[in-house]
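Chemist: A structural model of the following input is requested.
(one chain, ligands or ions: 1)
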Amino acid sequence: MAGETLIIGGGVVGLAIARELHKRGHSDITIVDKGICGQEASWAAGGMLGPQAESDHGGEFFDLCSESRDLYPQFAKELLAETGVDVELDTNGTLYVAFSSIEMAKLKSRFELHRGRGLTVELLDAADIRRREPFISPDVVGGLFFPNDWQIENRKLILALRKYAELNRIEIVENCEIDKIETKDGTVTRAMAADREFECESVVLCAGAWTNKLGLATAGIVPVRGQMICYRTAKRVYEHVIYSSRGYIVPRRDGRVLAGSTSEFVGYSKGVTDAGIATLREMAEEISPSLASQTPYDSWSGLRPKATEEMPVIGRIEGLSNAFIAAGHYRNGILLAPLTANMIADRFDIDTTVMPNRISATN
Ligand code: GLY
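Modeler: Reported below is the predicted structural model:
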């Protein structure tokens, strides 16, 4: 029977794991976060559920992202019923636009690849795109439409998952940084913060870009800063998430338009820079010149957790019978959260070892 489970890291992944374990009958779940749950990469994200837009090749990672995307309609529906929070799943789809014949040739290759894999994708000319998005740049020469690449409002998702925890007596301990994890005879026995100790029967490490600092896993996770800016339009003027090869814009239901994102190896330094904002404005205004008449009203940054080979690390930690890791989701933490939660919950009651840095759907 389930005993005390300690989840270290209360971002979207940790919160989703807590919920899934609780739904499967585990009790005494504690989430401990070094700050406030969901306020790091989960908060900074754009909320795109876009395996096809984010990947120009297939493979295991792509399949994982697609599988998790497919879980979202049910996930969103359940969260609404469980918490009353609408996470604003938006299934209008995603456009990927090209500004030159070279970019269009690359998109055509992606079109062939996706079609060859049986994925839904449409090849559009400039007029098609303008019909769908009247405010798109006249310089767009064509693009792709991914009807199954969606978005959610990631901040509402955090709210919903947190509310689930609160309603179901999952303990949340915030502003508490774990700095040591003790092991004995191949098991984790307790985790320690400066002024608090947590005895635990199982532990899940899902502290995003900070996971390596916990010391147990050797997944080589490093932070990659992403800056974002946000415009506000009086009402929603874009129907779709729109990518170019230089970034993306994400229209929200309430008229906000997010634009992202930079990828910077600057350690744990958060914050936005003039250069970052200028690059994002240029990218967004290239997609839709009408944004040039606006000054972004908000900006922020987050640290994506990038693991070796850009593959997330999900499974039991080698050599430890009661310790799991779910980290390194890099650009796709929001997208992969429901599947990651299922994968970790599936592994909780089986006695196999999964090497760090490997994904396995069977162990
Ligand atoms: N998933 C988009 C990004 O990380 O910028």
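
Chemist: might you list the low-confidence residue ranges for the stretch 1-150 of the chain?
Modeler: Along the stretch 1-150 of the chain, segments meeting pLDDT under 70 span 1-3.

Chemist: show me which residues of it sit near the ligand.
Modeler: G46, M48 (CB under 6 Å from any ligand atom). For glycine as for every other residue, the C-beta is placed from the backbone atoms N, C-alpha and C.

Chemist: can you map out the helices along the stretch 1-150 of the chain?
Modeler: Listed in chain order, the helices of the stretch 1-150 of the chain (DSSP state H, counting those that start in this stretch) span 12-23, 41-44, 51-54, 60-83, 101-116, 126-132.

Chemist: winner for burial among those?
Modeler: helix 12-23 (a mean of 26; mean count of other CB atoms under 10 Å).

Chemist: all strands of the stretch 251-363 of the chain, in order?
Modeler: 256-260, 298-306, 313-316, 323-327 (DSSP state E, counting those that start in this stretch).

Chemist: any chance of those strands in JSON lines, plus mean pLDDT, distance to the ligand and mean neighbour count?
Modeler: Converted to JSON lines, the strands of the stretch 251-363 of the chain look like this (pLDDT from 0 to 100; distance: least, CB to the nearest ligand atom, whole Å; neighbours: other CB atoms under 10 Å):
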{"stretch": "strand 256-260", "mean pLDDT": "97", "distance to the ligand": "5", "mean neighbour count": "24"}
{"stretch": "strand 298-306", "mean pLDDT": "97", "distance to the ligand": "6", "mean neighbour count": "21"}
{"stretch": "strand 313-316", "mean pLDDT": "93", "distance to the ligand": "17", "mean neighbour count": "26"}
{"stretch": "strand 323-327", "mean pLDDT": "95", "distance to the ligand": "15", "mean neighbour count": "28"}
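
Chemist: so which of the ones you listed is nearest L95?
Modeler: strand 256-260 (14.0 Å; CB to CB).

Chemist: the closest one pairs with which strands?
Modeler: Looking at strand 256-260 with DSSP bridges, its partner strands are strand 222-232 (antiparallel), strand 247-251 (antiparallel).

Chemist: of all those, which lies closest to the ligand?
Modeler: strand 222-232 (4.9 Å; CB to the nearest ligand atom).

Chemist: could you list the buried residues of the closest one?
Modeler: Buried positions in strand 222-232, judged by neighbour count with 16 or more other CB atoms under 10 Å: V222, P223, V224, R225, G226, Q227, M228, I229, C230, Y231.

Chemist: repeat that for stretch 140-160.
Modeler: Neighbour-count burial for stretch 140-160 flags 140-146, 148-160 (criterion: 16+ other CB under 10 Å).

Chemist: ok, the closest residue to V173 other than its chain neighbours to the ligand distance?
Modeler: The shortest distance from V173 to any non-neighbouring residue, by CB to CB, 6 or more residues apart in numbering, is to V32 (4.5 Å). Distance, V32 to the ligand, by CB to the nearest ligand atom, to the nearest Å: 25 Å.
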